[in-house]
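S.K.: model the following, please.
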Amino acid sequence: MDPLDYWKNWAIIAAGVVALTTFLTGVLEYVRQGHQHRAQNFVQMRRRFLETPEYRRILDQLAIDNTTLKEESVQEKRNFVGFLEEVALMVNSRLIKREVAHYMFGYYVVLTSKSENFWYGLDRESQYWTVFREFAAEMDELNIHQPHAKQLHF
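M.R.: Residues are numbered from 1 along each chain as shown. From the prediction side, this is the model:
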């Protein structure tokens, strides 16, 4: 075998290894950035949920199913359920894992779903709350089969 062919073959193999390594590194970085982006969006969403004064007021009342929920603005209640539906849509779109959504929002979803005082003035069975009702059923089911916290990740 000609030494020139020998080194040419090794150069081709080395270039292939470098190209494959570069490609795999790029793929891993792309996946890592996707996880980081989802985590940032999730943290912003959680912050918005807990720092919006209207939502905090509703959450305080939901904790004890206070009858003052009946007096809460219908629009504020719609906005609140609409936010929880955003979480559901993110889960359905696989932007948030179901278990993570359950851990961070499931308690509030189930409280909202079961509160008669909250739904006063709203048609809970309306077709427009289908996403919420299905999400609430999923969150309630996850209460029974709750994953370990160590398994939660973006």
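S.K.: please make it C-alpha for all contacts and neighbour counts, starting now.
M.R.: OK.
S.K.: give me phi/psi at the residue most central in space within the chain?
M.R.: In the chain, the residue lying closest to the centroid (Cα atoms, centre = their mean) is Ile96, at 3.0 Å. In terms of degrees, to the nearest 10, the main-chain angles of Ile96 are phi -130, psi 140.
S.K.: contact partners for it?
M.R.: Arg38, Phe42, Val87, Met90, Phe154 (Cα atoms under 8 Å, 6 or more residues apart in numbering).
S.K.: please report how far it lies from Arg133.
M.R.: Counting by Cα to Cα, to the nearest Å, the gap from Ile96 to Arg133 is 18 Å.
S.K.: next: Asp123.
M.R.: 12 Å.
S.K.: mean confidence score for stretch 16-33?
M.R.: Mean pLDDT, computed over stretch 16-33, is 87.
S.K.: quick revisit: export the contacts of Ile96 to CSV and tack on pLDDT?
M.R.: Formatted as CSV, the contacts of Ile96 follow (pLDDT from 0 to 100):
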residue, pLDDT
Arg38, 76
Phe42, 80
Val87, 94
Met90, 90
Phe154, 52
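S.K.: compare these and tell me which is most surrounded.
M.R.: Highest neighbour count within these: Val87, with 25 neighbours (other Cα atoms under 10 Å).
S.K.: residues in contact with the host helix or strand of it?
M.R.: Per DSSP states H and E: Val87 is located in helix 74-92. Here helix 74-92 makes contact (Cα under 8 Å, 6+ apart) with 49, 54-55, 58, 96-98, 101, 105, 109, 118, 121-122, 131-132, 135.
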